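A.B. asks: A structural model of the following input is requested.
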Amino acid sequence: MPKLSRRTLIGALPLAVDAALHPRPAEAPQLRPARIAPSAVDDLLEEIRAWIQTHTARDAMVCAYSDAEGRLFLKAKALGLSPSRILRSNLDDARALKVLNRDIKSADRKLDRAAARIAQTRPQSLEAAMAQIDMGLLIQGPYDWDDHAYALIQSGRAHLWQSLAHA
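C.D. replies: The predicted model follows:
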């Protein structure tokens with residue numbers, strides 16, 4: 001099999017993701033071979049689900065931070081203070097932002113450690129391989145690549161190809 005460059009993979013990914021997310025009814029593929037039980041307990045799959053829940057909670061904290069920061073800056077404008085000065089102030093809103101910022105950074109570290117651990121784990125089922133790819137795309141986001149995302153997508157893709165070759 002020819003080696004794919006990172007640039008080629010990134011260029012082809014939007015086409016693959018679009019087709020995977022919006023399959024036509026007539027060509028919806030059945031990727032799950034009969035020999036793989038979808039109800040089998042897979043520790044990696046559970047770890048990925050936990051990571052996605054933590055990621056969703058972190059995203060909610062970021063949205064809450066953004067909303068609270070906007071309200072605080074409006075209050076700063078009304079009081080005639082600069083944004084940096086009101087952030088350093090001892091107001092309840094400013095302290096709440098500091099706590100929220102600390103929690104977001106803590107969640108980021110936790111997510112990063114878990115992603116590194118998950119990226120090093122070989123999937124045991126097609127569901128876990130697809131979950132690794134989905135997690136990689138969630139880490140990736142629409143803007144730039146993270147090393148964990150690339151490793152997750154590479155690992156999941158390799159396992160899927162291997163499983164499909166034996167099917």
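A.B. asks: can you identify the element that follows the worst-scoring helix or strand of the chain on mean pLDDT toward the C-terminus?
C.D. replies: Least confident element among the helices and strands of the chain, by mean pLDDT, DSSP states H and E: helix 6-21 (a mean of 47). Proceeding N to C from helix 6-21, the next assigned helix or strand is helix 43-79, under DSSP states H and E.
A.B. asks: pull the distance from that following helix to the chain's centre.
C.D. replies: Chain-centre distance of helix 43-79: 14 Å, with Cα atoms, centre = their mean, to the nearest Å.
A.B. asks: same check on stretch 68-84?
C.D. replies: For stretch 68-84, the distance to the chain centre is 32 Å (Cα atoms, centre = their mean).
A.B. asks: report the inter-axis angle for the helix or strand encompassing His148 versus helix 43-79.
C.D. replies: Per DSSP H and E: His148 is located in helix 147-166. In terms of direction (axes from the mean of the first three to the mean of the last three Cα atoms, to 10 degrees), helix 147-166 departs from helix 43-79 by 150 degrees.
A.B. asks: list the helices and strands helix 147-166 packs on?
C.D. replies: Where contact means 3 or more Cβ pairs under 8 Å, 6 or more residues apart in numbering; DSSP states H and E, helix 147-166 is packed against helix 6-21, helix 92-119, helix 126-140. Any C-beta I mention is one placed from the backbone N, CA and C, and that applies to glycine too.
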